[in-house]
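> Following is a predicted model, sequence given first.
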Amino acid sequence: MPPKPPAPEPVTFAVAVPDITAYDGNGAPLPPISTKPATGTPQDMPAATAPSDGKVHHIGLLLPLRSASLGPAAELLRTGFMAAYERDRSGFEVTVIDTGDGSTDILNKFAQAQEEQDVVVGPLSRSAVTAVANSDLVRKPTIALNHPDNRGEARLPAKLLVMGLSIEAEARQVAAWAASEQPGASALILSAGSPSQRRISAAFKQEWLRQGGKVDAMDLTATNGYLSDAELVQLRARLAATPPGLLFVALDADQARQLRVAIGSDLPLYGTSSLNPGAGRGASGPELDGARLLDLPWQVQRDHPQVMVYPQPPQPAERRLTADMERLYALGIDAFRVAREVALRPNTPFTLDGVTGRLAVRFDDDQSVFERTEQAATYQQGMLGTWPPAAPATPPVQ
């Protein structure tokens, strides 16, 4: 069997990221971050100071709060945005602009916000961001909360900054991380065939091949969340005969546990945030121990000062929020922090240690470029924690 990943040296960090490639909104590799974060590094996280220019900066938050399908997600993102605003509100005013799903309604409200606000944050849905990106309405700094369709095929408006969460970017970062730890290894991609899993698999494969690795893929059948026992038996025989260097699993946490029970833990296993179902969801156990993934600091470092300064999202009485909904709340927090920096330092590059990752913004070739590098994490003793894992405490010398 190929060797397991080497045990890393213990490191203390705020947002810890492996030395991996990050990507812009078009999937193009970005140079590594070399500048220190602009705000948010002190352990006590004091509130940001008021703008030195004495101006009041106006931010419009454009969200589909009247949408039947997206309303709950939009409301949670709004709550996160306003939590960050309440903490650093000096010198800023936020106006919440509600829309429905219709593109005409969204574009009309967006055009009005461009006239009245200094910075516009939104829209949220992919179709709405696509409509805005294809219009000629973007004249002031605009922070889109999703990615437009076909984003690699055309240049975006110069003042449009895309900072939505991206499972494809996450998978590419995992591929670069795995390649740095397992140079020259072959990878076997396993998925259960859902649309999101196919997107994750394709993004990982693209970057793995770019890194010069060999790759194969296998789709497993899932019925009501359960992987096929017969296919797992076949997979176990295949791995015993010709083991790859590592596994990349585009699966959810429960499916990955089923996989590990069936094939064991000899092979290095990498995945995305889909392996983290969130606090209080899914059974914890040792099956995923050693699995490595990327996720938001908000989900992995809840006891870190940079996370604890913000309130946790309100939890519905009937059941906990899903991990994806909590990630949207965290996106709202970072959306305000990025909007604040853009307003205070227009056309100036900056970095932030955010609750969704290490964030970097720069302005190149008449384009606004956003980069997010997520938190490295691993399972240990059935619990998800930051990577590299902390060294066990040394008992005092008697």
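That came through, no problem. Only a predicted model underlies this, so the values are computations on that prediction, with no experimental measurement involved.

> Count the residues that sit near Tyr270.
As a burial measure, Tyr270 scores 24 neighbours (other Cβ atoms under 10 Å). Quick note: C-beta positions are derived from backbone N, CA and C, even for glycine.

> Is it correct that it falls within a strand?
Yes - under DSSP: H, G, I helix; E, B strand; the rest coil, Tyr270 sits within a strand.

> which residues does it contact?
Residues in contact with Tyr270, defined by Cβ atoms under 8 Å, 6 or more residues apart in numbering, are Val174, Trp177, Ala178, Leu246, Leu247, Phe248, Val249, Ala291, Arg292, Leu293.

> Secondary structure element holding the fifth one?
Here Leu247, judged by DSSP states H and E, is contained in strand 246-250.

> Direction included, what does that strand pair against?
Strands adjacent to strand 246-250 in the sheet, as given by DSSP bridges, are strand 186-191 (parallel), strand 269-271 (parallel).

> Quick one: the helices in the stretch 201-350 of the chain, in order.
With DSSP state H, counting those that start in this stretch applied, the stretch 201-350 of the chain shows helices at 229-241, 253-263, 297-300, 305-308, 323-344, listed in chain order.

> Tell me which of those lies nearest to Glu86.
helix 323-344 (9.5 Å; Cβ to Cβ).

> returning to what we had before: now the strand holding Leu247 - C-alpha only, CSV.
What follows is strand 246-250 as a C-alpha-only set of coordinates in CSV (Å, rounded to 0.1, in the frame of the first residue of the first chain):
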residue,chain,number,x,y,z
LEU,A,246,-4.8,8.2,-2.9
LEU,A,247,-8.6,8.5,-3.0
PHE,A,248,-10.6,11.6,-3.6
VAL,A,249,-14.2,11.2,-2.5
ALA,A,250,-16.9,13.4,-3.9
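
> Just name the most buried of the helices of the stretch 201-350 of the chain.
Here the criterion is mean neighbour count by mean count of other Cβ atoms under 10 Å, and of the helices of the stretch 201-350 of the chain the winner is helix 297-300, at a mean of 25.

> residues contacting Ala343?
Applying Cβ under 8 Å, 6+ apart, we find Ala343 in contact with His57, Ile59, Phe92, Asp118, Val119, Pro141.

> Now with 6 Å, please.
Contacts for Ala343 (Cβ atoms under 6 Å, 6 or more residues apart in numbering) come out as His57, Asp118, Val119.

> Same question for Ser191.
By Cβ under 6 Å, 6+ apart, Ser191 lies in contact with Gln197, Ser201, Asp219, Ala250.

> Quick check: beta-bridge partners of it?
For Ser191, the residues forming beta bridges with it (DSSP bridges) are Asp219, Ala250.

> Let's see the pLDDT reported for it.
The predicted local confidence for Ser191 comes out at a pLDDT of 97.

> and it, how far is that from Glu181?
Computed as Cβ to Cβ, to the nearest Å, the Ser191 to Glu181 distance reads 21 Å.

> Kindly report the same for Leu321.
Applying Cβ to Cβ, the value for Leu321 to Glu181 is 33 Å.

> and if you look at Ser196?
Between Ser196 and Glu181 the distance is 25 Å, computed by Cβ to Cβ.

> of the two, who's got more company?
Glu181 (17 against 14).

> Look up phi and psi at the more buried one.
When quoted as degrees, to the nearest 10, the phi and psi of Glu181 stand at phi -90, psi -30.

> now do Glu371
Main-chain torsions, Glu371, degrees, to the nearest 10: phi -130, psi 130.

> That one contacts Ala360, doesn't it?
Yes - under the criterion of Cβ atoms under 6 Å, Glu371 makes contact with Ala360 at 4.3 Å.

> So these two - more neighbours on which side?
Using other Cβ under 10 Å, the more surrounded residue of Glu371 and Ala360 is Ala360, with 24 against 21.

> Am I right that the more buried one is in a strand?
Yes - assignment of Ala360 by three-state DSSP places it within a strand.

> For it, give the beta-bridge partners.
Ala360 has these beta-bridge partners by DSSP bridges: Thr351, Glu371.

> how close does it get to Ile167?
Distance from Ala360 to Ile167, by Cβ to Cβ: 20 Å.

> ranges for the helices of the stretch 1-150 of the chain?
Listed from the start of the chain, the stretch 1-150 of the chain has helices (DSSP H, counting those that start in this stretch) covering 71-87, 103-116, 126-133.

> Quick one: residues in contact with the longest one.
It refers to helix 71-87. 47, 61, 63-65, 94, 124, 310-311, 325, 328-329, 332-333, 335-337.

> Can I get it in CSV? Just the C-alpha atoms.
Written as CSV, here are the backbone C-alpha positions of helix 71-87 (Å, rounded to 0.1, in the frame of the first residue of the first chain):
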residue,chain,number,x,y,z
GLY,A,71,-35.9,33.6,0.9
PRO,A,72,-34.6,31.5,3.9
ALA,A,73,-31.1,31.5,2.6
ALA,A,74,-31.2,35.2,1.8
GLU,A,75,-32.5,36.0,5.3
LEU,A,76,-29.7,34.0,6.9
LEU,A,77,-27.0,35.7,4.8
ARG,A,78,-28.6,39.0,5.7
THR,A,79,-28.4,38.1,9.4
GLY,A,80,-24.7,37.3,9.1
PHE,A,81,-24.0,40.5,7.1
MET,A,82,-25.8,42.7,9.7
ALA,A,83,-23.9,40.9,12.6
ALA,A,84,-20.6,42.0,11.0
TYR,A,85,-22.1,45.5,10.4
GLU,A,86,-23.2,45.9,14.0
ARG,A,87,-19.7,45.2,15.1
